Every structure is written in structure tokens, then in C-alpha cells.
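Trainee: When you get a sec, could you give me coordinates for this:
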Amino acid sequence: MSVAACLLLYSFGVAVLVPRPLARLTRTGVAPRLGVAAWLAAIGSVLASWTVAAAFLANDLVRNWNQPGRIASACFAALRQVASGGAGLFLQGALLTVTAVAAGALITLAWRLVGSLLRARAHTHRHAQQARVVGRHVDGVDAVVLDAPERVAYCVAGRPNTIVVTSATLDALDDRHLGAVLAHERAHLAGRHHQILAFTRGLAAVLPRIELFRTASREMARLLEMCADDVAARRYGSPTLLGALLALSGRTPTPRGALGSTGVDVLARAERLALPTARGDRWRTQLMLSAATLLVVGGPMLTGVLAATGLALCGPLMS
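Mentor: Numbering: from 1, shown residues only. Presented below is the predicted three-dimensional model:
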């Protein structure tokens, strides 16, 4: 139980303490790909800690079923407040309840998350199919064109993946600006950004009170747009992409489940393209994000090793 307790403490610390400093590091979009990696690493470390902690708790309960007092006394030995005594049946029932609740919570979380992902997938696939039926193809345009007065461009995951632009968008953009917009949308599809957003939004919907998941869902949307901006800017140049974003910016919302060129935080993205970050600031941010990623990835392993060797707060079970 020592490993389980320490992993749960670690995951609590990450879920509570990491979101705000990580949001400050990634807000400017200096290194959006590293920012995405850092958020995913933090989420993954928390989920992995929960899963491994539940597994260790169940294993300890099975191994010490007839001696439940040993589990409690081992976990709290380092605090010198051991109180196991002869309350065997009561403690046995309590530990069984804790294990069942932990396992049930993980199963419920997984079930709801998978359900959310499947619903999002079905919605985007249906939207892509409908767009291909209603829209038309224009020579030289690698997208489905919908006749509409709004200037909109977005992509939808499906079979096949679909990029949608309106006729108003074609009228507003020249060839290079349109190429930059299409490159932006192709970057979303190639990077599987829909799946990442569906995952983070699903977690935030299932566990809305956990700040890490709630903040990650919001910040990830911005960072993924900036990742796609970088891909398009490398090919067509930042001024061209900036001009395209400004031409398409407006109040027309992007359809649910889609990723659009002007769907998220256009002003911050435009400032980022117009005013590149100094090299020194960029290197410093990249270094800090890399260090943060390594810390949250290595945290569960280090916590488990320390607990298993008796160096952490809760000592290991004695044989």
C-alpha cells in the first residue's frame, strides 16, 4: 500500500499544483509542440498514477487478506502513528471497500471517457460525410466547397478526413492565402489534433472539478492551433498566414468537433505571427517545458522506487 499511497499523493500534487505554472509557460505559444507534450505528460502521469495505485492496492489486499492490520501499519509507519491492533474484520472490510471504490471509480472514468470519444468520433464522421454530400469540388482546391456567405474554413476527421471551405472564403483569399489556410487544416489532420482535443475535452467533461483536466482542455485548443500555424507559416511565410487569418476572422463559429483556422484565440495567434519571440526567450521556454515534461513523466517512477525502497513517506510492507 506504500506505493499506492505515495502515487496517489503524487497525482494529487500534480493535479493541483501543475496547471497554473504550466499554463503560464505555454500561454504565449513560444514552443507549442513542447507545450502540448507537457500537458499530455501531466495528464498521463496522473492517470497512470491512479491506475498503478489501484493495482498495488488490490495486490496488497489480496496478499494480506488475513492480516489487514499490516497494510495500515506499514503505510503509516513512517508517521509513527501506527494503529492496527485487533480490529481485523473491521479493517478488512474497510480496505475491501476502499479497493472496490478505487476500482469502480477507474472503471467508471474509463467507461465515460471511451463513450465521450466514441460519440465525438461518430459526430465528426457524420459531419464529414454530410459535407461531402452537400458540398462541391473546385479544380485546384483540395477541399469541399460549401456555398455560403460566411468566411469559414475548417477540417473534420472522418473516412476520409475532410477539409471544408465556403464559397465566401474562396472569394476573399488569393491562391497563396488559400494555400496557407489549407496547409493549416492539413496540419491538424496530420497531427491527429482532433483525437487529442477529444481526449482532453472528454476528461474535462467527465471530471470537471479537477483543475488539471479543465485547464488542459482549454490550453490544448490554443496550442494545437499554434502548432498548425507553425506548419503553414514554414511553407507560406508568417505574413501570408497572418493575412489569411485576418481575412477570415469574424464571428462565425466553427462547427462542433471541427478545427478551424479562426476558431480559437485569433488575436493572440496573430500577435504571435506578427511579433516573433526573441531567440533567448524561446530557448529558455523550451528548456523549462522540457524540464517540466521530464519531471512529470519521471515523477510516478521515482515515487514508486522511493516507496518500494522505504525512502518515501510511507514505508513498504514488511515480509
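
Trainee: Helices of this structure, start to end?
Mentor: Secondary structure of the chain (DSSP state H): helices at 2-17, 19-26, 32-63, 68-75, 88-134, 167-172, 175-190, 193-206, 211-236, 238-248, 266-274, 279-308.

Trainee: residues in contact with residue 10?
Mentor: By CB atoms under 8 Å, 6 or more residues apart in numbering, the contact set of residue 10 is 45, 49, 299-300, 303. The C-beta positions use only the backbone N, C-alpha and C, and glycine is treated the same way.

Trainee: nope, residue 131 is what I meant
Mentor: Counting by CB under 8 Å, 6+ apart, residue 131 touches 144, 146, 156, 162, 164.

Trainee: what would these look like in a markdown table with pLDDT?
Mentor: Putting the contacts of residue 131 into a markdown table (pLDDT from 0 to 100) gives the following:
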| residue | pLDDT |
| --- | --- |
| 144 | 91 |
| 146 | 92 |
| 156 | 90 |
| 162 | 91 |
| 164 | 93 |
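
Trainee: Tell me where the model's unsure across the stretch 201-319 of the chain.
Mentor: Low-confidence segments of the stretch 201-319 of the chain (pLDDT under 70): 251-252, 303-319.

Trainee: Relative to residue 45, how far out is the residue most central in space within the chain?
Mentor: Residue closest to the mean C-alpha point of the chain, counted by CA atoms, centre = their mean, is residue 200 at 4.1 Å. Distance, residue 200 to residue 45, by CB to CB, to the nearest Å: 14 Å.

Trainee: Residue 210 too?
Mentor: Applying CB to CB, the value for residue 210 to residue 45 is 13 Å.

Trainee: between those two, who's got more neighbours?
Mentor: Using other CB atoms under 10 Å as the criterion, residue 210 and residue 45 rank with residue 45 on top: 26 against 19.

Trainee: my guess is that one contacts residue 293, does it?
Mentor: No: under the criterion of CB atoms under 8 Å, residue 45 makes no contact with residue 293, lying 9.8 Å away.

Trainee: Mind exporting the C-alpha coordinates of stretch 259-272 to CSV?
Mentor: Extracted in CSV, the C-alpha atoms of stretch 259-272 (Å, rounded to 0.1, in the frame of the first residue of the first chain):
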residue,chain,number,x,y,z
LEU,A,259,-11.0,22.5,-36.1
GLY,A,260,-11.0,25.9,-38.0
SER,A,261,-8.3,28.4,-38.9
THR,A,262,-10.1,31.1,-37.0
GLY,A,263,-11.8,29.0,-34.3
VAL,A,264,-9.6,29.8,-31.3
ASP,A,265,-7.9,32.9,-30.0
VAL,A,266,-7.2,34.6,-33.3
LEU,A,267,-5.8,37.8,-31.7
ALA,A,268,-3.1,36.0,-29.7
ARG,A,269,-2.1,33.9,-32.7
ALA,A,270,-2.0,37.0,-34.9
GLU,A,271,0.3,38.8,-32.4
ARG,A,272,2.5,35.7,-32.3
